[in-house]
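In: Need coordinates for the following:
(one chain, ligands or ions: 2)
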Amino acid sequence: MSQQINITLPDGSVRVYDKGTTGLQIAASISEGLARNVLAAKVNGQVWDASREIHEDSNLQLLTWNDLEGKSTFWHSSAHLMAEALESLFPGIKFGIGPPIETGFYYDVDFGDHKLEGEELEMIENKIMELAKLKSEFIRKEVSKKDAVAYFQEKGDEYKLDLLEGLEDGSITFYEQGNFTDLCRGPHIPNTGFIKAVKLTNIAGAYWRGDEKRKMLTRIYGVTFPKAQELKDYLTLLEEAKKRDHRKLGRELELFMFSEKVGMGLPLWLPKGTLLRERLVSFMKRAQDKSGYQQVTTPHIGSKVLYETSGHYEKYGKDSFQPITTPHEGETFLLKPMNCPHHCEIYKHKPRSYKDLPIRYAEFGTVYRYEQSGELHGLTRVRGFTQDDAHIFCRPDQVKEEFTKVIDLVLYVFKALGFDDYTAQISLRDPENKQKYIGTDEAWEKAESSIIEACAEKGMETVTELGEAAFYGPKLDFMVKDALGRKWQLGTIQVDYQLPERFQLEYIGSDNQKHRPVMIHRAPFGSLERFVAVLIEHCGGEFPLWLAPEQINILPISEKFIEYAEEVKGILEDAGITGQLDNRDEKIGRKIRDAEVKKVPFMLIVGEKEQEEGKVAVRKHGQGDLGSFLIEEFITYFQGIISESLKKE
Ligand SMILES: [Zn+2]
Ligand SMILES: [Zn+2]
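Out: Ligands and ions are numbered 1, 2, ... in the order given. As a prediction, this is how the structure comes out:
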């Protein structure tokens, strides 16, 4: 038998090594720097310890901090290290599970009689760093179920014994680092020395196995980093995210509120928030009008039969708002969970010819879905929200052109709102499992290639996911990265073969035969509520000028100039510029400070000189004095900024 194995690296190159070589050794043979940074090895698609021997020809990817799987191995290993620290500080405690999460990790711990306090976290952090410096290796051991049970029986850890019950003999591994041994499948980083910084972020209660009849354990959350600076950056980011929290800014800028009496998850838009919403809506309407959409309006409820036809009753019926009954027995309505069924009925109101297509119906339609109270979160998860919805009914040969147009619209929206960093995901059928999907093979192939080509022609950065399409059609999802680098899913463009079928939609083709149109659902914002939330957090409440509900504040130096200030306000209002006149009896410095706090883009200060010359002294938010302008000059300057940010490329 050969004593050598072929290792294929991600770039396709093949290298020959001795059988039993580890990922770490391979890394070292490539470069010392890589060896220092390798956290784990992906061997034939499975993540392994970098220190584990490889005995067969394999595809190998060396994982570092830059890989998601590298990070999660790092964080999972950190949970073991935290457990070691906890055990040395609180001997006799017992451990549940300690997985990595999106950012960081947690471990569920039974502290017995001790109640862990927030003040103790720093001591635990210090212990973690002390142990990390020992650079203890994570050692993998295969153990028999009998030995594993004996070990935890002796230790008296009923949680690990409970976990062991579900494991099969022959598949059980222990990992040991320093003085701590854990039941774990792995993988882990080579040694604890990679962990250079830790922050324990939270303590919460968690029932064992999520079962409220079982014991409540203490869940400790933490996050670790391979460099101290990265922890500092992370904490700064958290601070910044807290400052930009849309719930906080929404309150401070008086945009929206919630009232328990009105109902949880049902936002109330205040005057300024409503103005902002209206600006978004009219911006979108203008863009849609130019792209050949027609506005329609439909009610907030529909009969149950409508949603049975569409299939939404099956999907939302039992877990959502319950049917509305009327004095008329047997008559039931539902709060609208989707606008599509209504639009299908509008399509049907008269016979359609191939020449009529595409037809594009747009509606800012408010829909209602019952989210669990624990899921509600500011404007991002609500129970009633308004979609910037539209449905395009087109012929199969028009799908590509329609997709291209929708992409143009989405990208225009992103640009006007300052989202420069975005990616898109194309979700296609699972080619191995075609029977799962409705619609003909031919239609799918055509639609899928249309989406791929449309994206390619726009030069968009996309990832393609096989098997992620809905059963009724492929789709394209947009993700934006906000100013803090967080990713948000926004608009979706979804092809649908199902609703035209369910609603028996038709058009007469050039062959004089009846055909089914293709339906495309699209919503560039997703919902106005969620979009406003993302926008607030992205811009930290400093909206693009065209969108800001309060674009200017007029600040008279003293009450002598209120009359002139009112005159200025009137002229600006005629030019479509909105804002308030601060006529309080306050010092000008105070008025400026207050306008700065409200993030009002422009402050127009008026005093004797301005009044005499028909001018305003302009201050820009965050920048200071811009000098004095004739009122007309200011209007031109102001409108120039807006038309620049709204122009199409
Ligand atoms: Zn582990
Ligand atoms: Zn729809």
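
In: Could you tell me which residues of the protein lie near ligand 2?
Out: Contacts of the chain with ligand 2, taken as CB under 5 Å from the ion, map to Cys340, His521. The way it works is simple: take the backbone N, C-alpha and C, and place the C-beta from them, glycine included.

In: low-scoring pLDDT stretches of the chain, where are they?
Out: Scanning the chain for pLDDT under 70 picks out 1-2, 648-649.

In: So in it, which helix runs the longest?
Out: helix 68-89 (DSSP state H).

In: Can you name the next helix or strand after that helix?
Out: strand 94-95 (DSSP states H and E).

In: Okay, now the sheet partners of that next one, with direction.
Out: strand 105-110 (antiparallel) (DSSP bridges).

In: report the angle between the axes of the partner strand and helix 68-89?
Out: 30 degrees (axes from the mean of the first three to the mean of the last three CA atoms, to 10 degrees).

In: next helix or strand past strand 105-110?
Out: In the C-terminal direction from strand 105-110 (assignment by DSSP H and E), the next one is helix 121-132.

In: Packing partners of the one helix or strand Ala447 maps to?
Out: Ala447 belongs to helix 441-457 when elements are defined using DSSP H and E. Helix 441-457 sits against helix 399-416, strand 422-428, strand 475-481, strand 487-496, with contacts defined as 3 or more CB pairs under 8 Å, 6 or more residues apart in numbering; DSSP states H and E.

In: Centroid-nearest residue for the protein?
Out: Geometric centre of the chain, nearest residue: Trp488, 2.9 Å, by CA atoms, centre = their mean.

In: Assign the nearest residue to that residue once chain neighbours are set aside to helix, strand or coil.
Out: Nearest non-adjacent residue to Trp488, counting by CB to CB, 6 or more residues apart in numbering: Val534, 4.8 Å away. Reducing the assignment at Val534 to three states with DSSP: H, G, I helix; E, B strand; the rest coil gives helix.

In: Would you agree the residue nearest to the centre of the chain is in contact with Met479?
Out: Yes: contact criterion CB atoms under 8 Å: Trp488 and Met479 qualify, at 6.7 Å.

In: what about Gly614, neighbour count?
Out: Gly614 has 13 neighbours, counted by other CB atoms under 10 Å.

In: and it, what is it in contact with?
Out: The contact partners of Gly614, taken as CB atoms under 8 Å, 6 or more residues apart in numbering, are Leu630, Ile631.

In: Distance-wise, check it relative to ligand 2.
Out: Gly614 sits 53 Å away from ligand 2, going by CB to the ion, to the nearest Å.

In: Phe602: what's it in contact with?
Out: Per CB under 8 Å, 6+ apart, neighbours of Phe602: Gln551, Ile552, Asn553, Gly579, Val618, Arg619, Lys620, His621, Phe638.

In: May I have the beta-bridge partners of it?
Out: Beta-bridge partners, per DSSP bridges, of Phe602: Ile552, Lys620.

In: any idea how far stretch 502-520 is from the chain center?
Out: Put simply, stretch 502-520 sits 36 Å off its chain's centre (CA atoms, centre = their mean, to the nearest Å).

In: Convert the C-alpha atoms of that stretch to PDB, please.
Out: Extracted as PDB, the C-alpha positions of stretch 502-520 are listed here (Å, rounded to 0.1, in the frame of the first residue of the first chain):
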ATOM      1  CA  ARG A 502     -54.500  28.600  -8.700                       C
ATOM      2  CA  PHE A 503     -56.300  31.700 -10.000                       C
ATOM      3  CA  GLN A 504     -56.600  30.300 -13.600                       C
ATOM      4  CA  LEU A 505     -55.000  33.400 -15.000                       C
ATOM      5  CA  GLU A 506     -54.900  33.500 -18.800                       C
ATOM      6  CA  TYR A 507     -54.000  35.500 -21.900                       C
ATOM      7  CA  ILE A 508     -54.700  34.800 -25.500                       C
ATOM      8  CA  GLY A 509     -51.400  34.200 -27.300                       C
ATOM      9  CA  SER A 510     -50.500  35.100 -30.900                       C
ATOM     10  CA  ASP A 511     -51.600  31.600 -31.700                       C
ATOM     11  CA  ASN A 512     -55.100  32.400 -30.500                       C
ATOM     12  CA  GLN A 513     -54.700  29.800 -27.800                       C
ATOM     13  CA  LYS A 514     -55.100  30.400 -24.000                       C
ATOM     14  CA  HIS A 515     -51.800  30.600 -22.100                       C
ATOM     15  CA  ARG A 516     -50.800  31.100 -18.400                       C
ATOM     16  CA  PRO A 517     -48.900  34.300 -17.700                       C
ATOM     17  CA  VAL A 518     -45.900  34.200 -15.400                       C
ATOM     18  CA  MET A 519     -46.300  36.200 -12.200                       C
ATOM     19  CA  ILE A 520     -43.300  38.000 -10.700                       C
END
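
In: Please enumerate residues in contact with it?
Out: 309-311, 340-341, 344-345, 347-348, 351-354, 356-357, 391-396, 398-399, 402-403, 406, 443, 447, 493-497, 499-501.

In: Now do the buried residues in that stretch.
Out: By neighbour count with 16 or more other CB atoms under 10 Å, stretch 502-520 contains the buried residues Phe503, Leu505, Glu506, Tyr507, His515, Arg516, Pro517, Val518, Met519, Ile520.

In: And stretch 65-83, by the same measure?
Out: Residues 65, 67, 69-83 are the ones in stretch 65-83 that count as buried (16+ other CB under 10 Å).

In: Any idea which residue of the stretch 251-400 of the chain lies closest to ligand 2?
Out: As assessed by CB to the ion, ligand 2 sits closest to Cys340 within the stretch 251-400 of the chain, at 3.3 Å.

In: Quick check: that residue touching Ala390?
Out: No: using CB under 8 Å, Cys340 is not in contact with Ala390, being 10.1 Å away.

In: Please point out which parts of stretch 214-221 sit buried.
Out: Using 16+ other CB under 10 Å as the burial criterion, the residues of stretch 214-221 that qualify are Leu217, Thr218, Arg219, Ile220, Tyr221.

In: Tell me the one among those residues nearest to ligand 2.
Out: Tyr221 (38.2 Å).

In: these two touch, right, that closest one and Ala204?
Out: Yes: in this structure Tyr221 lies within contact range of Ala204 using CB under 8 Å: 7.2 Å.

In: Out of the helices and strands packed on helix 441-457, flag the one nearest Arg593.
Out: Closest approach to Arg593 among the helices and strands packed on helix 441-457 is made by helix 399-416 (30.4 Å; CB to CB).
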